[in-house]
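[1] Give me a model of this one.
(one chain, ligands or ions: 1)
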Amino acid sequence: MQKLIIDGGKPLKGDIDIQTAKNAVLPIIAACILTEDTVVIKNCPHLNDISAMTDIIHHLGCKGEFNGADLEICCKDVALNAINSDLTGKLRSSIFILGPLLSRLRRAYISHPGGCEIGLRPIDLHISGLKGLGVKIDDNRGVICCDGSEMSSATVSLDFASVGATENIMMAAATLEGETVIVNAAREPEIVDLANFINAMGGDIKGAGGSVIKITGVKKLHGCEYKPMPDRICAGTVLTALISSGGEVRLNNVVPEHIFGITEKLKKMGMDLAFTDRALTARFEGRPRAIHKLETNVYPAFPTDMQPQFCAALSVATGSSVVVENLFENRFGFTAELQKMGAAITVKDRVAVIRGVRSLSGATVRALDLRGGAALVVAALGAKGRSVIYGVNHIDRGYEKIESMLSALGAAVRRESE
Ligand code: UD1
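    Predicted coordinates for the structure are as follows:
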């Protein structure tokens with residue numbers, strides 16, 4: 001079992017290159033099934049979720065290996081192996097495999113992806129979207145059996161702008177003859193990145209980033225080298241760590257407009273920010289100002305994946321904040337751990353009220369999920385004394401060597417195995 005040991009109170013200083021976005025890479029790995037050729041995903045982060053997705057690629061008889069920083073995938077031969085719950089239980093994104101498998105083989109068998117700590121996370125929108133393309137779907141004792149022998153392009157309207165459902169339909173339609181239209185598509189930057197990737201393979205997707213996406217099916221896709229977008233949540237996490245610790249950092253490899261929903265809130269909390277083309281410099285001293293009401297919502301609004309880290313930063317604000325979680329019904333589990341560090345947070349349903357305290361104290365805590373774990377790291381960096389964080393495997397799902405990243409900025413963070 002691994003743990004992070006953090007001695008709080010060290011200001012952050014220095015430059016950091018933000019890792020490639022996990023949430024962009026995961027659907028891109030699945031989309032590699034769309035071509036028989038080799039795809040090179042440049043500068044792919046080494047993360048637990050990426051390994052879990054690559055395991056699924058291997059299970060389907062395809063190749064997927066790191067070559068230095070790049071992940072090389074070749075799906076020349078794809079076997080119609082059922083993807084069982086040992087594989088799908090490890091990550092929700094396993095559901096992304098459905099669209100590309102249907103495109104390639106017209107069939108797919110996959111166990112339900114596990115629910116997770118932050119909510120039920122149903123897959124009804126994925127299913128109804130694929131049914132809209134003519135896929136026949138049977139749910140047989142937890143295994144989703146898909147028959148796409150009569151698939152055809154269509155207009156599919158989503159009841160909610162789900163990121164994953166939009167991506168799955170885009171991938172399923174990439175090689176379907178005719179034009180598929182997704183109405184009420186999600187607009188997250190990762191959707192644009194997936195469209196850019198499929199287009200780099202010879203696909204024809206227009207309108208990604210807007211609410212209506214048009215996919216004209218092409219006969220065949222080819223291999224390519226692709227560099228996915230930077231991780232906007234990782235950038236946001238470093239910025240909340242700066243609120244906690246104080247100091248000055250320069251973040252390289254960021255797309256400023258991807259993180260405006262985050263940086264607007266950080267400015268309200270008192271952070272100085274200066275943007276250049278693909279970088280930003282941030283400075284923060286003292287205690288943050290509270291935010292009257294912080295509400296998560298779909299892009300370009302404030303992202304749910306930053307909610308826990310902001311709760312941690314706001315727990316030492318000069319006033320009270322109200323945080324409303326609109327996306328996931330169970331995303332405040334980490335607050336019980338923050339309370340062990342002295343945070344004054346009360347939670348009712350989807351609303352947290354945070355009364356800012358002067359400082360937090362180091363404690364032994366446990367990460368229960370990825371971003372909740374990141375919130376504990378943010379809190380520990382600013383806390384008085386030593387914190388020990390267990391459940392590091394959750395944090396490793398989304399942050400590549402978090403201890404090295406933060407140590408390089410002057411934080412006192414180390415990893416130990418028990
Ligand atoms: C993606 C991100 C995740 C982020 C989330 C919201 C990846 C790999 N993950 O997840 O980090 O937190 O977007 O920005 O990109 N829903 C349904 N039925 C469905 C699908 C979704 O009810 O079939 C609900 C979910 O339970 C949730 C909401 O819709 O309440 C948003 O989910 P969705 O946009 O699909 O998120 P993910 O693609 O799972």
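[2] Which strand residues bridge residue 415?
    residue 4 (DSSP bridges).
[3] bridging residues for residue 281?
    According to DSSP bridges, beta-bridge pairing links residue 281 with residue 250, residue 274.
[4] That one against residue 273, yeah?
    Yes - counting by C-beta atoms under 8 Å, residue 281 sits close enough to residue 273 to count as a contact (7.3 Å). Yep, even glycine has a C-beta here, placed from its N, CA and C like the rest.
[5] Same drill for those two, tell me which one is more crowded.
    The neighbour comparison of residue 281 against residue 273 (other C-beta atoms under 10 Å) goes to residue 273, with 17 against 14.
[6] How about the residues of the stretch 1-150 of the chain by the ligand?
    23, 26, 92, 93, 119, 121, 122, 123, 124, 125, 126 (C-beta under 6 Å from any ligand atom).
[7] 8 Å instead?
    Taking C-beta under 8 Å from any ligand atom as the contact definition, the stretch 1-150 of the chain meets the ligand at 22-24, 26-27, 49, 92-93, 96, 118-128.
[8] among those residues, which ones are buried?
    Among these, those classed as buried by 16 or more other C-beta atoms under 10 Å are 22-24, 26-27, 49, 92-93, 96, 118, 123, 125-128.
[9] In helices, which of those fall?
    22, 23, 24, 26, 27, 49, 125, 126, 127, 128 (DSSP state H).
[10] Against residue 307, how distant is residue 317?
    15 Å (C-beta to C-beta, to the nearest Å).
[11] of the two, who's got more company?
    Shown here are residue 317 and residue 307; by other C-beta under 10 Å, residue 307 has more neighbours (26 against 20).
[12] Doesn't that one belong to a helix?
    Yes - applying DSSP: H, G, I helix; E, B strand; the rest coil, one finds residue 307 inside a helix.
[13] wait, doesn't it sit right on residue 301?
    No - counting by C-beta under 8 Å, residue 307 stays clear of residue 301, with 11.5 Å between them.
[14] before we move on, the earlier item: closest to residue 147 among the buried ones among the residues of the stretch 1-150 of the chain next to the ligand?
    Comparing these against residue 147 with C-beta to C-beta places residue 127 closest, at 13.1 Å.
[15] show me the residues around the closest one that make contact.
    By C-beta atoms under 8 Å, 6 or more residues apart in numbering, residue 127 lies in contact with 137, 144.
[16] Distance check, it against residue 220.
    From residue 127 to residue 220 the distance is 27 Å (C-beta to C-beta).
[17] Same check on residue 90?
    From residue 90 over to residue 220 the distance is 31 Å, taken as C-beta to C-beta.
[18] do residue 120 as well
    With the distance defined as C-beta to C-beta, residue 120 ends up 38 Å from residue 220.
[19] which bits of the stretch 201-350 of the chain sit near the ligand?
    Counting by C-beta under 8 Å from any ligand atom, the residues of the stretch 201-350 of the chain near the ligand are 233, 298, 299, 303, 304, 305, 327, 328, 329.
[20] any chance of the residues you listed in TSV, plus pLDDT?
    Converted to TSV, these look like this (pLDDT from 0 to 100):
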residue	pLDDT
233	98
298	97
299	97
303	98
304	98
305	98
327	95
328	94
329	91
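[21] Please list only the buried members of those residues.
    Buried among those (16+ other C-beta under 10 Å): 233, 298, 299, 303, 304, 305, 327, 328.
[22] Now do the same contact list for the fourth one.
    The contact partners of residue 303, by C-beta under 8 Å, 6+ apart, come to 232, 233, 236, 261, 262, 296.
[23] what about dumping the CA coordinates of the helix or strand where the fifth one lies to CSV?
    With elements taken from DSSP states H and E, the one containing residue 262 is helix 260-268. Listed next in CSV are the C-alpha coordinates belonging to helix 260-268 (Å, rounded to 0.1, in the frame of the first residue of the first chain):
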residue,chain,number,x,y,z
PHE,A,260,-11.5,30.2,-18.2
GLY,A,261,-14.3,28.6,-16.2
ILE,A,262,-11.7,27.8,-13.6
THR,A,263,-9.5,30.9,-13.7
GLU,A,264,-12.4,33.3,-13.4
LYS,A,265,-13.2,31.8,-10.0
LEU,A,266,-9.5,31.9,-9.0
LYS,A,267,-9.4,35.6,-9.8
LYS,A,268,-12.4,36.1,-7.5
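[24] can you count the residues close to residue 15?
    Neighbours of residue 15 under the rule other C-beta under 10 Å: 12.
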